[in-house]
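> Predicted model and sequence below, questions to follow.
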Amino acid sequence: MTELIDAMTEAAHGAGQYLLELPRRAPATTLADFRTRFDAIDAPVAALLRERLLPLRPEAAWVDEFDDSSSAAGEAWVCDATDGAVQYLQGLPQWCVTLTLVRDGEPVAVVLHNPLLKETYTAEAGAGAFRNGERITPSAKAEPQAALVATSQPPFAAAQPEALREAGRSLTAVLLVAGAVRNLGPTSWQLADVAAGRIDAFWEYGRDDANLLPGVLLARESGATVTDAAGAPWRLGATSILVAGPKLHPLMLAALRAGESD
């Protein structure tokens, strides 16, 4: 598995360098223009990743970012060539290349690479989580008032109206107790930053399997607590997630539950 992580890291670095070298343009002004530009950058990078990753696991399926088949039996690659494409196309630094190997619905190997930050997160099931080769651990904070917490929404959130309602309700509940609430880019990278203690907690409502899988493995391997908003262990298909350091997690969970009872 160590050799696999090394190969995944090399592939992610190659994809990131390709994206860095593309000429920059002014942000798109229409949805049609955005989609055209996204397809123009994402397709060749995804092809590069397929070329490098598929030989590493010839029997593994290739799962599109918005496909639900990551829960299928056997191994599958769940990859996002331009994770945070909106930020990338806007000229912002909050984007990365995200690679996840899933086995029987569970993430077993992850690489996230942000070439602008020159940072790479890696994790292997049962072997810990790392940033640039250094082991990471979650926040030790135990006071929400001192915490920087983050949240986001799944893609095409309008298709999940209950998630939208819960997002608004929970934001109000958390703002009452947290020191600061932010949305700091791709969901995968925000969870990685929770694993590393840069962000103290992250929550989200709605199903968002492909974007959560890599960060879930990083968080678990770092020692963070990963549940749904009811406190049950997070699993594929869950409609909410809460990730935090062990001391802060029960307090964040209480804040979310208090909002529900209101």
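Yep, that arrived. Numbers count the residues shown, from 1 in each chain.

> Which stretches in the chain count as helices?
In the chain, the helices defined using DSSP state H lie at 2-21, 31-53, 85-90, 161-175, 187-195, 209-222, 249-261.

> What lies in contact with the shortest one?
Residues outside helix 85-90 that contact it (CB atoms under 8 Å, 6 or more residues apart in numbering): 19, 27-28, 34, 37-38, 41-42, 82, 93-95, 185-186. (Each C-beta comes from the backbone N, C-alpha and C, glycine too.)

> what bits of the stretch 51-200 of the chain have low per-residue confidence?
Under the criterion pLDDT under 70, the flagged ranges of the stretch 51-200 of the chain are 65-72.

> can I get the helices of the chain in TSV with distance to V243 and mean neighbour count?
Formatted as TSV, those follow (distance: least, CB to CB, whole Å; neighbours: other CB atoms under 10 Å):
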stretch	distance to V243	mean neighbour count
helix 2-21	22	17
helix 31-53	26	14
helix 85-90	21	18
helix 161-175	13	16
helix 187-195	5	29
helix 209-222	5	26
helix 249-261	8	17
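
> doesn't A43 make contact with T82?
No: T82 is beyond contact range of A43, at 10.1 Å (criterion: CB atoms under 8 Å).

> all strands in the stretch 51-200 of the chain, in order from the N-terminus.
With strands called from DSSP state E, counting those that start in this stretch, the stretch 51-200 of the chain shows them at 61-63, 75-83, 96-103, 106-114, 119-124, 129-131, 134-135, 148-151, 180-182.

> Tell me which of those is the most buried.
Across those, averaging neighbours per residue (mean count of other CB atoms under 10 Å) puts strand 96-103 on top, at a mean of 28.
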